[in-house]
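# Generate coordinates for the sequence data below:
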Amino acid sequence: MIEIDDRDLDVLLAEDPGDPVVMLNLLRFRPDGGRESYQRYAEALGVGINARYGLQVEYLGTGGRALVAEDGQAWDMVVLVRYPSRQAFADMIRDPEYQAVTHLRTEALVEAVLQPTSPIEA
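I've put the predicted structure just below:
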């Protein structure tokens, strides 16, 4: 599954601990231009959407061969994105400006994992 629907967002918000959320993105690109399409998606988000919802890319990296995983679990890219809240993330996903560019993400990916995480204070 690549798309996020309203039910997914409702569950995300129902489980909201009230803290910032860091989204783990594991991405597998289509072999025929997926990486380039994802780059266009990232550029389309631009400063406007990122700033409006407080999005901060904490880490962006190219995936390598998995050392400990089931077959097929190597990812092309790993991205950690911090949002000030789960509500900010949900609002971004529902924003018409975001909805106008999300097709670039969908076209780019064969498979994805989008997992919310909560920081643990030491």
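# now the helices for the protein?
For the chain, the helices defined by DSSP state H occupy 6-14, 34-53, 86-94, 96-99, 102-108.
# Switch those over to CSV; also include mean pLDDT and distance to Ala69.
For every residue, glycine as well, the C-beta is placed using N, CA and C. Formatted as CSV, these follow (pLDDT from 0 to 100; distance: least, Cβ to Cβ, whole Å):
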stretch, mean pLDDT, distance to Ala69
helix 6-14, 90, 24
helix 34-53, 91, 21
helix 86-94, 95, 26
helix 96-99, 94, 31
helix 102-108, 94, 22
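# Pull the number of nearby residues for the closest residue to Asp95 other than its chain neighbours.
Taking Cβ to Cβ, 6 or more residues apart in numbering, and ignoring the residues beside it in sequence, Asp95 has Ile49 as its nearest neighbour in space, at 7.0 Å. Counted with other Cβ atoms under 10 Å, the neighbours of Ile49 add up to 15.
# I'd guessed Ile49 sits against Met92; true?
Yes: counting by Cβ atoms under 8 Å, Met92 is a contact partner of Ile49 at 6.5 Å.
# what's near enough to touch the residue nearest to Asp95?
Leu55, Met92, Asp95, Glu97, Tyr98 (Cβ atoms under 8 Å, 6 or more residues apart in numbering).
# Quick check: ChimeraX command selecting the buried ones in these.
To isolate the buried ones among these in ChimeraX, judged by 16 or more other Cβ atoms under 10 Å, type:
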select :55,92,98
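# Which members of the contacts of Ile49 define the maximum pairwise distance?
Maximum pairwise distance among the contacts of Ile49 (Cβ to Cβ): 13.1 Å, between Leu55 and Glu97.
# how many other residues sit next to Pro116?
Number of residues near Pro116 (other Cβ under 10 Å) recorded here: 16.
# what's near enough to touch it?
Contact analysis of Pro116 by Cβ under 8 Å, 6+ apart lists Leu12, Val21, Val22, Met23, Leu24, Arg86, Phe89.
# Which one of these sits in the busiest neighbourhood?
The contacts of Pro116, ranked by neighbours (other Cβ under 10 Å): first place Phe89, 26 neighbours.
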